[in-house]
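*Asks:* could you look at this predicted model? Sequence included:
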Amino acid sequence: MNVRLFKNKLKAIVALFTVLLIAGAAFAFTDAIKHPILKVINKKPTTNYRWFQISGNRTPAQSVASANAAYISTGTTAPTGTGCSGSTYQCVSGFDSTQVNASNHLIGSQTPQVVAYTKN
């Protein structure tokens, strides 16, 4: 077999394999982005909750009185709070802006939108 012909065929095969590899990787990557689990993992929180440290024993489904909620911060990520270990009662809970007044106090008793940390 002619050496030059062999080199040309080898280059063509390597080039074809490279093109197919790149095309396959592009489709695989596109499908991974569309995968529902990856959409959830990569999703950035968009709600700015008002985060409160909750005192007393309020289960996650119970409303919280203003007297039992101490404002911590506002943001998309919950602060850790103090003494939050366990799984029974609210420790750090998030409320939306319609549940909180301009002084960052709960307006009456409110049910949290999210309970980020719990305690026993």
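*Replies:* Ah, there it is. All values derive from a computational prediction rather than experimental measurement.
*Asks:* where do the strands sit along this structure?
*Replies:* Remark: strands assigned in the chain by DSSP state E are 49-54, 69-75, 89-95, 114-119.
*Asks:* how about residues contacting the third one?
*Replies:* Going back to what we said before, that points to strand 89-95. Under the criterion Cβ atoms under 8 Å, 6 or more residues apart in numbering, residues 47, 49-54, 56-60, 62, 64, 69, 72, 78-81, 83-84, 106, 110, 112-120 lie in contact with strand 89-95. (Each C-beta comes from the backbone N, C-alpha and C, glycine too.)
*Asks:* so which of the strands of the chain gets nearest Val3?
*Replies:* Closest approach to Val3 among the strands of the chain (Cβ to Cβ): strand 69-75, 67.9 Å.
*Asks:* pretty sure Pro79 contacts Arg50?
*Replies:* No. Using Cβ atoms under 8 Å, Pro79 makes no contact with Arg50, being 11.3 Å away.
*Asks:* the more surrounded of the two?
*Replies:* Neighbours were counted for Pro79 and for Arg50 using other Cβ atoms under 10 Å; Arg50 has more, 24 against 16.
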